[in-house]
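In: can't give you the sequence, but here's the structure:
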């Protein structure tokens, strides 16, 4: 970006809420059902029907508001956002406009260098989704109304972001909070988390906002980052050429790394919002708000800080382990068996995450229970098995999820700590590797590692490595 300009970025994030039924009727919200099967007269907007608000939607919106430091308004109201589009059979979208349920919040993003920045949240409001237009059949457009009435929560940021990276970090933080709360699955590919970016640029030091463009059709966080970068470049080039930026909505084409005009950008008055006459105001009294607040889990930042202070973990470990609520829970269950916090962290971040990535499974589907992994770590610390034997036992646990104590007994894998047995193995290794012994005696310290390895091989990995090291050094010095 040209150094004389700065970008001003605000994001509008739509999160589909994990309720079983829609926001104003009893239709299912299940994804991938046959077109136009999860519908009824209410979500299709037939004359004379009356919507009934789903209580769970309100509770989820309040939870998100509390988790993002918002004020939860005691009174909020629904409005009709009027526009015509084929996938909106009612001719209006029921949303919140002048009286949203939550306002004036913030989240903190963190950069790789450890610095932090607060991003303001203007408002959080509840609304319904529209249907889906399908353009896969030549000149024909088909409509699937299954999504009509699906509950959404829109989270509108302040225009506090200045770079595509900040937008990416903000989105990542929002998704993490939504997943911790268990109120959205965060799947951008299925449309359950969507983001529109409002982008403008201005001269550095200027206070007045520039003309903004809204960028849509981004199906991943990286595409949001790329699209914003491209839009900043486009606007910068226009200003440098002496041209004006027009307010419009743009579509992102990830394949071509380009944005294309969709339509001129609407203003609020274009939608002719008015209070929905069929829905009562939403009243969240203090008592109800406190009941909802009791369901707030420990949030990611707080949990990360606790892992650092209570378990003396490095920042990197704590961030990885608290990246998801389920992974953090798995780690803490290991600690019910062993208090070796760092070894537990190492096993999760290497062996566990490797299997999850290779097999493309979640921690919920991981075959080894945290208690059994804790027992494996305890076997190492109690010097019953070596770390090498533990790595051999782990694949067996993946296949059978057996208690590692059982595997050790069945396969006779108990570590050899009997010095006489180890000394016999050392004698054999020294006798068979005289050249390497002479190199060690001439000062090549690294050769010791090879000799230790040979002793471990001789004992089939069952010798205690620490004892092997001590006895081998002692033997070679005599």
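Out: The structure has been received and is ready for your questions. The structure presented is a predicted model; accordingly, all values stated were derived computationally and were not measured.

In: Residue 372 and residue 324, how far apart?
Out: Residue 372 sits 20 Å away from residue 324 when distances are taken as CB to CB, to the nearest Å. Quick note: C-beta positions are derived from backbone N, CA and C, even for glycine.

In: Pick out whichever of those two has more residues nearby.
Out: Taking other CB atoms under 10 Å, residue 372 and residue 324 do not tie; residue 372 has more neighbours (19 against 16).

In: What's the end-to-end length of stretch 31-47?
Out: 27 Å (CA to CA, to the nearest Å).

In: repeat for stretch 427-441
Out: 16 Å.

In: and residue 3, how many residues sit next to it?
Out: Around residue 3 there are 6 residues (other CB under 10 Å).

In: Report the secondary structure state of it.
Out: coil (DSSP: H, G, I helix; E, B strand; the rest coil).

In: likewise residue 81?
Out: Assignment for residue 81 (three-state DSSP): strand.

In: Repeat that for residue 121.
Out: Applying three-state DSSP: residue 121 is strand.

In: contacting residues around the closest residue to it other than its chain neighbours?
Out: The shortest distance from residue 121 to any residue other than its chain neighbours is 3.7 Å, reached at residue 105 (CB to CB, 6 or more residues apart in numbering). Neighbouring residues of residue 105 by CB atoms under 8 Å, 6 or more residues apart in numbering: 65, 68-71, 120-121, 124.

In: so residue 107 sits in a strand?
Out: Yes. Counting by three-state DSSP, residue 107 is found in a strand.

In: which residues does it form a beta bridge with?
Out: residue 119 (DSSP bridges).

In: from memory it sits against residue 116, does it?
Out: No. Counting by CB atoms under 8 Å, residue 107 stays clear of residue 116, with 10.5 Å between them.

In: Neighbour count: these two, which is higher?
Out: Shown here are residue 107 and residue 116; by other CB under 10 Å, residue 107 has more neighbours (21 against 8).

In: any idea of the pLDDT on that one?
Out: Reading off the confidence values, residue 107 has pLDDT 97.

In: any idea how far the residue nearest the centre of the chain lies from residue 324?
Out: Central residue of the chain (CA atoms, centre = their mean): residue 176, 4.4 Å from the mean position. In this view, residue 176 and residue 324 are 8 Å apart by CB to CB.

In: Tell me where the longest helix sits in this protein.
Out: helix 221-240 (DSSP state H).

In: helices and strands around that one, which ones?
Out: strand 5-16, helix 164-181, strand 193-203, strand 213-216, strand 248-253, strand 258-264 (3 or more CB pairs under 8 Å, 6 or more residues apart in numbering; DSSP states H and E).

In: Quick one: residues in contact with the longest one.
Out: Going back to what we said before, that points to helix 164-181. 9, 11, 13, 15, 60, 63-64, 67-68, 107-111, 117, 119, 155, 157, 161, 184-186, 193, 195, 197, 221-222, 224-226, 228-229, 232, 296-297, 299-300, 323-325.

In: Mark which of the residues you listed are buried, thanks.
Out: 9, 11, 13, 15, 60, 63-64, 67-68, 107, 109, 119, 155, 157, 161, 184-186, 193, 195, 197, 221, 224-226, 228-229, 232, 299-300, 323-325 (16 or more other CB atoms under 10 Å).

In: what's the average pLDDT for stretch 271-279?
Out: The average pLDDT within stretch 271-279 is 91.

In: in it, what counts as buried?
Out: 271, 273, 276, 279.

In: To which secondary structure element is residue 136 assigned?
Out: strand 132-137 (DSSP states H and E).

In: Now the element after that strand, going C-ward?
Out: From strand 132-137, the next helix or strand downstream (DSSP H and E) is strand 140-144.

In: Provide the strand pairings for that following strand, with the direction of each partner.
Out: strand 132-137 (antiparallel).

In: mind listing what's buried in the partner strand?
Out: Under 16+ other CB under 10 Å, strand 132-137 has no buried positions.

In: Can you give the distance of it from its chain's centre?
Out: 30 Å (CA atoms, centre = their mean, to the nearest Å).

In: Stretch 233-249 now?
Out: 34 Å.

In: before we move on, what about stretch 224-232?
Out: Distance, centroid of stretch 224-232 to centroid of chain: 21 Å (CA atoms, centre = their mean).

In: Would you mind measuring from residue 256 to residue 437?
Out: Distance of residue 256 to residue 437, given as CB to CB: 66 Å.

In: more crowded one of those two?
Out: residue 437 (17 against 9).

In: pretty sure that one belongs to a helix, no?
Out: Yes. Judged by three-state DSSP, residue 437 forms part of a helix.

In: my read: it touches residue 431, true?
Out: No. With contacts counted by CB under 8 Å, residue 437 stays clear of residue 431, the gap being 9.1 Å.

In: Residue ranges of each domain in this structure, please.
Out: Listed by automatic domain parsing, the domain ranges of the chain are 5-291, 300-410, 419-477.

In: which of those domains has the lowest average pLDDT?
Out: Among those, domain 419-477 scores lowest, with a mean of 73.
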